[in-house]
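*Asks:* Here's my sequence, what's the structure:
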Amino acid sequence: MIISYLAAFSLLIHIFLSWLLTVKYKYGITGAMVSTILAYWIPNIGQIIFIVSGGCHETWKGFSMLAFQDLWAVIKLSLLSGAMLCYALIWDVCLPAILNINGWEMMISLGFLAAASVRVSNELGKGDSKAAKFSILNIVLTSLSFGIVLFIFFLFFREHLAHIFTNDHAVAVEVSHLSPFSILMNSIQPVLSGVAIGAGWQRFKKIRDAHNKHAF
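*Replies:* This is a model prediction of the structure:
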């Protein structure tokens, strides 16, 4: 539940910072990127505060040397998971406006990514594959429903929203062609990435993403 709250809070902060830095203070691309980076850090910091302040009192008893046990495995897991997200977002860096608009929607999808990862790993850990499949279906459909609503919204207002980030009409038109479809697909892809993380498939998912995007 805390992950969902943090994702919603990140989305609101991202919208506010995007308006503040790109519209009010006219920082343009720099402002858009700063707002995205800050919004991405909020869930990480929020979860650390939640754990340290006693939110997980039944499973976390404080810092100890056990935190450094199997540290290399955790580093590899983090690097592979980061590579998955880099490949997922690599198409969006071509236009900062697309990146920033998708960043709003990705705040929701990344929350579902974390939820899918934790739920699938927990269900598989206790040997209940049926519960894992049921969880995947529910999370994918829930995230897709959000994606459809946002897709319809951006379908009608996409060109107007692009002018928040750029004064170039040609760029706004290009964003209007690309952004809605990427938003719809981004409502599913992060959830499936979360499933891959929960099932321990980071390496295979990264390799597949690399092959698909280079081939395309």
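*Asks:* what residue ranges in this structure score low on pLDDT?
*Replies:* Scanning the chain for pLDDT under 70 picks out the ranges 81-82, 84-104, 158-159, 162, 164-166, 171-172, 174-180, 201-216.
*Asks:* now the residue nearest the centre of it: how far from L144?
*Replies:* Nearest to the mean C-alpha position of the chain, by CA atoms, centre = their mean, lies L110 at 2.9 Å. The gap separating L110 from L144 is 15 Å, by CB to CB, to the nearest Å. All C-beta spots, glycine's among them, are computed from the backbone N, C-alpha and C.
*Asks:* likewise G55?
*Replies:* G55 is 29 Å from L144, where distance means CB to CB.
*Asks:* What ranges does the protein have for its helices?
*Replies:* Ranges of helices in the chain, per DSSP state H, are 2-18, 28-50, 71-89, 96-125, 129-162, 169-186, 189-199, 202-215.
*Asks:* and of those, who's closest to G62?
*Replies:* Of all those, helix 28-50 sits nearest to G62, with 13.6 Å by CB to CB.
*Asks:* helices and strands around that closest one, which ones?
*Replies:* Counting contacts by 3 or more CB pairs under 8 Å, 6 or more residues apart in numbering; DSSP states H and E, helix 28-50 is packed against helix 2-18, helix 96-125.
*Asks:* Buried ones in that helix, by neighbour count?
*Replies:* By 16 or more other CB atoms under 10 Å, the buried positions in helix 28-50 come out as G31, A32, M33, S35, T36, A39, Y40, I42, P43, G46, Q47.
*Asks:* surely G46 meets L6?
*Replies:* Yes. G46 lies in contact with L6 (CB atoms under 8 Å); the separation is 4.3 Å.
*Asks:* re earlier: in TSV, list the helices and strands packed on helix 28-50 along with distance to L77.
*Replies:* Formatted as TSV, the helices and strands packed on helix 28-50 follow (distance: least, CB to CB, whole Å):
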stretch	distance to L77
helix 2-18	18
helix 96-125	11
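*Asks:* Ranking the ones you listed by mean neighbour count, which comes first?
*Replies:* Greatest average neighbour count among the helices and strands packed on helix 28-50 goes to helix 96-125 (a mean of 22), per mean count of other CB atoms under 10 Å.
*Asks:* quick one on the thing from earlier: give the contact list for the residue lying closest to the residue nearest to the centre of the chain once chain neighbours are set aside.
*Replies:* Nearest non-adjacent residue to L110, counting by CB to CB, 6 or more residues apart in numbering: P190, 5.7 Å away. Applying CB atoms under 8 Å, 6 or more residues apart in numbering to P190 gives the contacts A88, M106, S109, L110, F112, L113, S143.
*Asks:* I197 contacts A115, correct?
*Replies:* No. With contact defined as CB under 8 Å, I197 does not count as touching A115 (11.2 Å).
*Asks:* Quick one: residues contacting the residue of the chain lying at maximal distance from its centre.
*Replies:* Distance from the C-alpha centroid of the chain peaks at M65, with 31.0 Å (CA atoms, centre = their mean). The contact partners of M65, by CB under 8 Å, 6+ apart, come to none.
*Asks:* What separation is there between it and T36?
*Replies:* 36 Å.
*Asks:* wait, which of the helices of the chain is closest to K61?
*Replies:* helix 28-50 (15.3 Å).
*Asks:* Just give the closest residue to G147, not the sequence neighbours.
*Replies:* In space, G147 is closest to S187, 2.3 Å off (CB to CB, 6+ apart).
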